[in-house]
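>>> I'd like to go over a predicted model; first the sequence, then the structure.
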2 protein chains.
Amino acid sequence: MLTISQLAAYAGVTVRAVRHYHRIGLLPEPGRDRSGYRTYDAAAVVRLIRIRALADAGVPLARVQELLAAGPEEFADGVQEIDKALRAEIRRLQDTRSRLARLAAGEHLALPQSVVDYLDRLRGLGVEERYIEMERDAWIMIAAQVPHSIDSVIAKKREELDDPDMVKLYSLLSGALDWPADDPRVVEVADIMERLMVRAVEAGEVGADDGIDDQFVDLLDSTMVESSPHAARLVAILEERGWRGWTRIERVPADRLNTDLPPS
Amino acid sequence: MLTISQLAAYAGVTVRAVRHYHRIGLLPEPGRDRSGYRTYDAAAVVRLIRIRALADAGVPLARVQELLAAGPEEFADGVQEIDKALRAEIRRLQDTRSRLARLAAGEHLALPQSVVDYLDRLRGLGVEERYIEMERDAWIMIAAQVPHSIDSVIAKKREELDDPDMVKLYSLLSGALDWPADDPRVVEVADIMERLMVRAVEAGEVGADDGIDDQFVDLLDSTMVESSPHAARLVAILEERGWRGWTRIERVPADRLNTDLPPS
DNA sequence: CTTGACCTTGACGCTGGGTCAACCCTCCAT
DNA sequence: ATGGAGGGTTGACCCAGCGTCAAGGTCAAG
């Protein structure tokens, strides 16, 4: 006959776990010797080993109890299910692992490779690290928001970088973080942006549905505006010229300028 | 600005989880509007998404906090560690999966293939299912006890089945479960066993260290004795003839018969 | 007889939140 | 103005699966 610690040792569990199984009725309480110690036989070892085999597979103890009480066919069905869950869990962990790999490889966290490549390209253009971090944070949000279309969105962005005006724009914006409050180059930025926007409108690239909802666009815009004092000024200048927004810029018809803003 | 539920939706978590992160200091408490609602900005979304990326990898929230507060090199080291843990966990789950596969394939739980094969062979010899279950339970314990040498132990057992006497023995033992209390065939069983043992001793196969400790052997023996009334009688007969034990049978020198048993 | 290793029950702690409860705010339709 | 829906707020208790004391009773050895 065995004591509780011997039983536990045979099955590779702790004494505390065995007592826990008794309390929840998973392992029947055995007899006691004259001093109150529990005395176990080999059947208890076998039952305990079975319990652990299932519990190690992640099966909740309540379900373990059901399964061990069930007939062979129900048991087999249950094991099938458990195996499916295990497969799913393994795949989930593998996905997580590749996410972490990308994370460690460079960009901090949760970004698809396409975005990482895009940010690397900005770096290659000489854009400052501080600015890239802002971009990165915006892309983290976009990737979380529209995970399915992030690749096509970023592909369009990459194409835009083929335009020398766009490259110029980024190099100016990057440096703008250190400009004095009323630097005249903000106007230069606005000029470049307007040229780009006009071309985009002509190419029919404005107004296409990007799958990002309006409120989310507002959120990105307000983050941008808060990031630098120049940003607000820039948006104001563009608005005077009939453009609205930032993340998604739209042409505002001249007759509606400043007329459809809410009173607040 | 975002409300808590909007923040939660962007990051794909529940409102309750966000509040939990506030309480444990993982996500800083944001400002409130005049009615006491929390108001979040995009930075909170980014931080929350990062938290989830790590938490999904199974990192405890306390560690997530450390990592997000740490510098880049410490962060990278931490991610390395996490990845190692993930790899280990994936392998553990795969092992569990193959254990479950064997389980579903036939024998109930936690037995290596070699033992399953052995039990199948017993079945093929016409041994009753009830008896096989007893054998199986014993092997479950042995496999738990000496997992490294189980294959060699079982290989020896399989070889023994090539002996027609051993086959005869099993077929008798299997049927013995239904014998009346004082069936004379028990003596026949004892005869066969003695023949087998004598041959084993001559072949030098007795006394070899099997790596199983004495106490464990006692446990297996007592289980066997309790399994049937004939078992005790069988052991008694063999003991009269100078053999002791069951799981591991030894020759007892004639002059020491009944002299070294404890008085109890 | 002491010592140290076990045994007993009972109670609280831990993670990562879920799930009420009880109440306040805001907005919209009536 | 009023009521109801659908947000938000704090607080408190609940879950698994044990770990970890606490406060004792027992056992075997020296």
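Sure, I can see it.
>>> which regions of chain A sit below the pLDDT cut-off?
The model of chain A has pLDDT under 70 over residues A:103-110, A:207-211, A:254-264.
>>> and the closest residue to A:Leu219 other than its chain neighbours, what is it in contact with?
Nearest in space to A:Leu219, with sequence neighbours left out and distances taken as CB to CB, 6 or more residues apart in numbering or on different chains, is B:Ala42 at 5.6 Å. Placement of C-beta: from N, CA and C, glycine included. The contact partners of B:Ala42, by CB atoms under 8 Å, 6 or more residues apart in numbering or on different chains, come to A:137-138, A:141, A:219-220, A:222-223.
>>> Can you tell me which of those end up in helices?
Assigned to helices by DSSP state H, the following of the contacts of B:Ala42 qualify: A:137-138, A:141, A:219-220, A:222-223.
>>> quick one: which of those has the most company?
The most crowded member of the ones in helices among the contacts of B:Ala42, judged by other CB atoms under 10 Å in any protein chain shown, is A:Leu219 (24 neighbours).
>>> how far away is it from A:Asp33?
69 Å (CB to CB, to the nearest Å).
>>> how about the residues of the stretch 151-264 of chain A near DNA strand C?
Nowhere does the stretch 151-264 of chain A come near DNA strand C, counting by CB under 7 Å from any atom of the strand.
>>> Would you mind listing what in the stretch 151-264 of chain A touches chain B?
A:215-216, A:219-220, A:222-223, A:226 (CB under 8 Å from any CB of the partner chain).
>>> looking at it, A:Arg50 is touching A:Leu68, isn't it?
Yes. Contact status for A:Arg50 versus A:Leu68: in contact at 6.5 Å, counting by CB atoms under 8 Å.
>>> Looking at those two, which one has more neighbours?
It is A:Arg50, of A:Arg50 and A:Leu68, that has more neighbours when counted by other CB under 10 Å, with 20 against 17.
>>> where's the more buried one relative to B:Pro60, distance?
As judged by CB to CB, A:Arg50 and B:Pro60 stand 30 Å apart.
>>> Tell me if the longest helix belonging to chain A is near chain B.
If you go by DSSP H, chain A has its longest helix at helix A:72-105. Yes. For helix A:72-105 and chain B, the contact criterion (CB under 8 Å from any CB) is met by A:75-76, A:79-80, A:82-83, A:86-87, A:89-90, A:93-94, A:96-97, A:99-101, A:103-104.
>>> continuing past that helix, what's the next helix or strand?
helix A:113-124 (DSSP states H and E).
>>> And that following helix, what does it pack against?
On a contact count with 3 or more CB pairs under 8 Å, 6 or more residues apart in numbering or on different chains; DSSP states H and E, helix A:113-124 meets helix A:72-105, helix A:129-145, helix A:150-160.
>>> Could you say which of those helices is packed most deeply?
Ranked by mean neighbour count, those are led by helix A:129-145 with a mean of 18 (mean count of other CB atoms under 10 Å in any protein chain shown).
>>> by contact count, what packs against that one?
helix A:113-124, helix A:150-160, helix A:214-227, helix B:4-11, helix B:42-56.
>>> Quick check: next helix or strand after the second one?
From helix A:150-160 onward toward the C-terminus, using DSSP H and E, the following helix or strand is helix A:164-176.
>>> what does the fourth one give?
Counting by DSSP H and E, the next helix or strand C-terminal to helix B:4-11 is helix B:15-23.
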